[in-house]
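> sequence and predicted structure, then a few things I'm wondering about:
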Amino acid sequence: MSLLTSGDCHAFEAGGQRYLYLAPSAAVLAVDDLSGAVLDAVASGPQSRADLLAGLSGRYAESEVDECVGELLKVRAVSIAATPAPRTSPRILPLTPIPLSTMVLNVTSQCNLSCAYCYEYGEDKIVETANGRQPKWMSEDTARESIDFLLRESGSSAHLTFFGGETLLNFKVLRTAVPYAKAQAAALGKQIDFSLTTNATLLTDEMIEFLAEHRFGVTISIDGPKDLQNKFRVFHNGAGSYDMVAPKIKALIARHRSRPIGARVTLTRDTLDVRRIYDHLMNELGFHEVGFAPVTATPGRVHAFSEEGFEHVLAEFRDLARDYRDAAVAGRHHGFSNVRETLAEIHKGASKAWPCGAGFGLLGVSTGGDVALCHRFAGSDAHKLGTVRDGINRDAQRAFLDEHHIDRKTDCRTCWARPLCAGGCYHEAHTRHGSTVRPNLHYCEWVRGWTDTCLQIYGEIAQANPAFLREFDGASDEAPQPS
């Protein structure tokens, strides 16, 4: 006789209402009383139909229970015990050619800061910038070839972001590349927009005017108040950068009003005060939003997180997420981008076979024009997928996508949080394990904890101010900024 058991889902509660997050479909369902009773019964152990009916007799009719069980089986909220679970999803690869939506140009490998935790220049670097094969600076010719490549590989719209090193060290390339990209896109009837990431030390009035004129999305790499910023984000002589960047950031925010200016913060073992960092960047410097990312480092590095560090950051994230919820319920803006981005994915029913668009929707270009998985691998022969001149090596691209599909990750394909994670960042995996194929298992409890928090926040906003969630409708969100 078949026995019913718990299925492929995650139960959570928000505002007194029970919900299920269904991993196979990434759907969020409200749970009624009968469904809740069935789920509670099978959670205590496998149940036969007779046992289930006996336990629910007097409250629900037999036909109601059978109908409910049938619906829960269809969405895999419950399953038949001892039945092999279906595959996460068929390992179907996207049809090629895959439209390129975002291209990241590494316009220089040089930087005027000497951040101790930098993944590009520290002990964990992937690309050896001194080997002479990749130039230190992207030329104007290579930038134009890269733009032609992007427009050739994209659909009706494309996003071009400039990166480094410190991007603005090669501002002269931006000045010629942007007008060229606009003209070429217009001739092809395509839309193109621009963004860049910068440490803000080199911002001038001319640069600010340029960024505003061309409606750049701007992300500033900054770690918070003066004491935290100056702990790691220092010049080569050891001098802190805060006093230089703070007035430049305020000038940029005052002039550039057409698109929001965001801050990107690197959290380390020694800089974990999320609340204080957020309050300073939002309320004192005036950023529109602030996003946080743990430092990328192998476990033995001095800046790497400890287990206690992950737990501390999760607690701080949860506290700030509750502030976001309160603001959303009241219809006010809140700038915690980590929760906003996760809520957007939940709302759209994101279900990922790969953790990000690296390798297909997003590609990185090195200073010499090599095409790689993303900006963090630009210039690495081991992660090369072609060149802007010769195009994408489709065999290499398809091999990468097949090898990195979530269905090949044993630890991931049964995890209820897989739709939003899919194993985590390739660069993080390479740094920790020497392979992009390995999932980031050190993040698992953190990811599940954070996803559960965001699901609760989503449910509470859906109850109290569902109109707020309309901002996540459609597909017009700005491209995520590289870090």
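All right, it came through fine.
> return the distance of stretch 462-474 from the chain's centre.
In terms of CA atoms, centre = their mean, to the nearest Å, the centre of stretch 462-474 is found 21 Å from the chain centre.
> and it, which residues are buried?
The neighbour-count check on stretch 462-474 (16 or more other CB atoms under 10 Å) flags 462, 468-469, 472 as buried. Any C-beta I mention is one placed from the backbone N, CA and C, and that applies to glycine too.
> what is the nearest of the residues you listed to residue 94?
Nearest to residue 94 among those: residue 472, at 23.5 Å, using CB to CB.
> what domains does the record give for the protein?
Here the domain assignment for the chain is 4-80, 102-394, based on automatic domain parsing.
> and of the buried residues of stretch 462-474, the nearest to residue 386?
Closest approach to residue 386 among the buried residues of stretch 462-474 (CB to CB): residue 472, at 34.0 Å.
> just give the closest residue to that closest one, not the sequence neighbours.
In space, residue 472 comes closest to residue 347 once its chain neighbours are excluded; the distance is 4.0 Å by CB to CB, 6 or more residues apart in numbering.
> what's the per-residue pLDDT of the one you found here?
Residue 347 is assigned 97 on the pLDDT scale.
> name all residues that make contact with it.
Contacts for residue 347 (CB atoms under 8 Å, 6 or more residues apart in numbering) come out as 458, 469, 472-473.
> what about residue 405, how many residues close to it?
Residue 405: 20 surrounding residues under other CB atoms under 10 Å.
> ditto for residue 137
For residue 137, the count of nearby residues is 17 (other CB under 10 Å).
> that one reaches residue 367, doesn't it?
Yes: using CB atoms under 8 Å, residue 137 makes contact with residue 367 at a distance of 6.3 Å.
> so residue 363, which of the three states?
strand (DSSP: H, G, I helix; E, B strand; the rest coil).
> so it bridges to which residues?
Counting by DSSP bridges, residue 363 forms beta bridges with residue 103.
> can you pull the pLDDT of it?
We have a pLDDT of 97 for residue 363.
> and residue 432, by the same measure?
For residue 432, the predicted pLDDT is 87.
> poorly predicted segments of this protein, please.
Residues of the chain that meet the criterion pLDDT under 70 lie in 1, 83-92, 95-96, 120-132, 475-481, 483.
> select the longest helix from it.
Across the chain, the longest stretch assigned as helix under DSSP state H is helix 307-329.
> if we can go back for a sec, need the contacts of residue 347 in JSON lines (columns: secondary structure).
Below are the contacts of residue 347 laid out as JSON lines (three-state DSSP):
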{"residue": "458", "secondary structure": "helix"}
{"residue": "469", "secondary structure": "helix"}
{"residue": "472", "secondary structure": "helix"}
{"residue": "473", "secondary structure": "coil"}
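> just the closest of those to residue 118, please.
Closest approach to residue 118 among the contacts of residue 347 (CB to CB): residue 472, at 33.1 Å.
> thought residue 342 was touching that closest one, still the case?
No: counting by CB under 8 Å, residue 472 does not reach residue 342; the two are 10.6 Å apart.
> what strand or helix carries residue 277?
Element membership for residue 277 (DSSP states H and E) is helix 274-279.
> can you give me the buried ones in that helix?
For helix 274-279, the neighbour count (16+ other CB under 10 Å) marks 274, 277-278 as buried.
> could you dump those residues into JSON lines with distance to residue 112 added?
Shown next, in JSON lines, are the buried residues of helix 274-279 (distance: CB to CB, whole Å):
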{"residue": "274", "distance to residue 112": "27"}
{"residue": "277", "distance to residue 112": "23"}
{"residue": "278", "distance to residue 112": "26"}
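> and the angle from the helix or strand where residue 345 lies to helix 307-329?
Taking DSSP H and E as the criterion, residue 345 maps to helix 337-348. Calculated by axes from the mean of the first three to the mean of the last three CA atoms, to 10 degrees, helix 337-348 forms an angle of 70 degrees with helix 307-329.
> now the helices for the stretch 351-483 of the chain?
394-403, 418-421, 426-433, 444-464 (DSSP state H, counting those that start in this stretch).
> tell me which of these sits nearest to residue 218.
Set against residue 218 and scored by CB to CB, the helices of the stretch 351-483 of the chain come closest in helix 426-433, at 22.5 Å.
> can I get the CA coordinates of the closest one in PDB?
Taking C-alpha atoms only, helix 426-433 is exported to PDB below (Å, rounded to 0.1, in the frame of the first residue of the first chain):
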ATOM      1  CA  TYR A 426      31.500  30.200 -10.000                       C
ATOM      2  CA  HIS A 427      34.300  32.500  -8.900                       C
ATOM      3  CA  GLU A 428      33.700  31.800  -5.200                       C
ATOM      4  CA  ALA A 429      33.800  28.000  -6.000                       C
ATOM      5  CA  HIS A 430      37.000  28.400  -8.000                       C
ATOM      6  CA  THR A 431      38.600  30.400  -5.200                       C
ATOM      7  CA  ARG A 432      37.700  27.900  -2.500                       C
ATOM      8  CA  HIS A 433      37.900  24.600  -4.400                       C
END
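> and residue 192, which of the three is it?
strand.
> could you find the closest non-adjacent residue to it?
Nearest one to residue 192, counting by CB to CB, 6+ apart, is residue 185 at 4.1 Å.
> from memory the one you found sits against residue 193, does it?
No: the pair residue 185 / residue 193 is not scored as a contact, 9.5 Å apart, by CB under 8 Å.
> quick one on the thing from earlier: show me what the helix holding residue 277 packs onto, helices and strands only.
Helices and strands touching helix 274-279, as assessed by 3 or more CB pairs under 8 Å, 6 or more residues apart in numbering; DSSP states H and E, comprise strand 289-294, helix 307-329.
> give me whichever of these is most buried.
Ranked by mean neighbour count, the helices and strands packed on helix 274-279 are led by strand 289-294 with a mean of 20 (mean count of other CB atoms under 10 Å).
> off-centre distance for that one?
The chain centre lies 10 Å from the centre of strand 289-294; the measure is CA atoms, centre = their mean.
> that one relative to helix 307-329, how many degrees between them?
What separates the directions of strand 289-294 and helix 307-329 is an angle of 160 degrees, with the same axes, to 10 degrees.
> how about the CA coordinates for strand 289-294, as CSV?
The C-alpha coordinates for strand 289-294 follow below in CSV (Å, rounded to 0.1, in the frame of the first residue of the first chain):
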residue,chain,number,x,y,z
GLU,A,289,20.6,51.6,-2.3
VAL,A,290,23.2,49.6,-0.6
GLY,A,291,24.2,46.0,-1.3
PHE,A,292,26.5,43.7,0.7
ALA,A,293,28.7,40.8,-0.3
PRO,A,294,31.0,38.6,1.8
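> does anything pack onto that strand? Which helices or strands?
Counting contacts by 3+ CB pairs under 8 Å, 6+ apart, strand 289-294 packs against strand 261-267, helix 274-279, helix 307-329, helix 337-348.
> apply 6 Å and report the result again.
Contact analysis of strand 289-294 by 3 or more CB pairs under 6 Å, 6 or more residues apart in numbering; DSSP states H and E lists strand 261-267, helix 337-348 as its packing neighbours.
> which one of those lies nearest to residue 72?
Going by CB to CB, the one of the helices and strands packed on strand 289-294 nearest residue 72 is helix 337-348, 20.8 Å.
> and the angle from the closest one to strand 261-267?
Our comparison of helix 337-348 with strand 261-267, counting by the same axes, to 10 degrees, yields an angle of 110 degrees.
> nice, that's everything, thank you.
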